[in-house]
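I would like the atomic coordinates for the input below:
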Amino acid sequence: MNDIGWQTKGEGNTHLVLLHGWGLNAEVWDCITSELSSHFTLHLVDLPGFGRSQGFGAMSLEAMTETVLAKAPEKAVWLGWSLGGLVASLAALTAPERVQALVTVASSPCFCAQTEWPGIKPEVLSGFQHQLSEDFQRTVERFLALQTMGTESARQDARKLKSAVLVLPMPSADVLNSGLEILKTADLRDALTTLKMPFLRLYGHLDGLVPRKVVPLLDALWPQSQSFVFPKAAHAPFISHPTEFCQQLLALRQAIL
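Have a look, this model is predicted:
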């Protein structure tokens, strides 16, 4: 069996599993690990096929979630950014007894725009899939640029994301394509109404991939959850606003202790 890339840092009595987004790897969390490691035991995961988790092919959301759960601590707070938010959410649905709290960051239970549901237009995701086969590197770079667009530190933030990608081996086109397929097809809106554990949703006001219009819709659909919008952030609030981001997680930790 292939092994998943898994780094453990910190000595806090609360375990925190961190799951990155599409095209990236666990290096994206570098800007917040020093702040969080004195409060949490951090589990920095490279999703199957990404970063250090080479040797995995295309995977469904269910298979990806099972692979991460197999190595995860028995009880932890699960935090997922973007695509990682879907994995963390499915872990909370699959093994609720192991998820102390769920945190989704710039994530949506349904990324694809539908009737009366804001999201990424299906043709945009299909376009990315088509472009992957033609110009792999440029497609990933374009997607990274979209994630920071509109913020005061957009250029600097995009550089941080790009350096996280380049420091480790790139995922294969098949892995990237299957990740886009998950973003196109997953819909956990109704399933997540059943969650009982603390559930915190974090967003960027300027996010071009997860529109802020989803926030009040999910506030109504999931009254058991809490939401917070970073006013000047886009799709990567932990990179553009690391201090404020960590404050949200420390407040959650205090609430569940």
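
so which helix or strand takes in Arg8?
Slight slip there: residue 8 is Thr, not Arg. Taking DSSP states H and E as the definition, one finds Thr8 inside strand 6-9.

could you measure the closest residue in space to Pro109 that isn't next to it in sequence against Thr94, distance?
Nearest residue to Pro109 in three dimensions, chain neighbours excluded: Leu188, at 4.0 Å (Cβ to Cβ, 6 or more residues apart in numbering). All C-beta atoms are positioned from the backbone trio N, CA, C, and that covers glycine. Noted for Leu188: a distance of 11 Å to Thr94, by Cβ to Cβ, to the nearest Å.

Please identify which of those two sits among more neighbours.
Set Leu188 next to Thr94 and count neighbours by other Cβ atoms under 10 Å: Leu188 wins out with 18 against 13.

gap between the more buried one and Leu83?
12 Å.

List phi and psi for the residue nearest to Pro109.
Per-residue torsions, Leu188: phi -110, psi 20 (degrees, to the nearest 10).

Then Lys121?
phi -60, psi 140.

burial measure for it, as a count.
Neighbours of Lys121 (other Cβ under 10 Å): 10.

Enumerate every residue touching the residue lying closest to it once chain neighbours are set aside.
Counting by Cβ to Cβ, 6+ apart, the nearest residue to Lys121 once its immediate chain neighbours are dropped is Ala113, at 5.2 Å. Ala113 makes contacts with 119-122, as judged by Cβ atoms under 8 Å, 6 or more residues apart in numbering.

Report the two of those residues separated the most.
Gly119 and Pro122 (8.9 Å; Cβ to Cβ).

more neighbours, those two?
Taking other Cβ under 10 Å, Gly119 and Pro122 do not tie; Gly119 has more neighbours (19 against 14).

List phi and psi for the residue nearest the centre of the chain.
The chain has Trp81 as the residue nearest its centroid, 1.6 Å off, counting by Cα atoms, centre = their mean. Main-chain torsions, Trp81, degrees, to the nearest 10: phi -100, psi 130.
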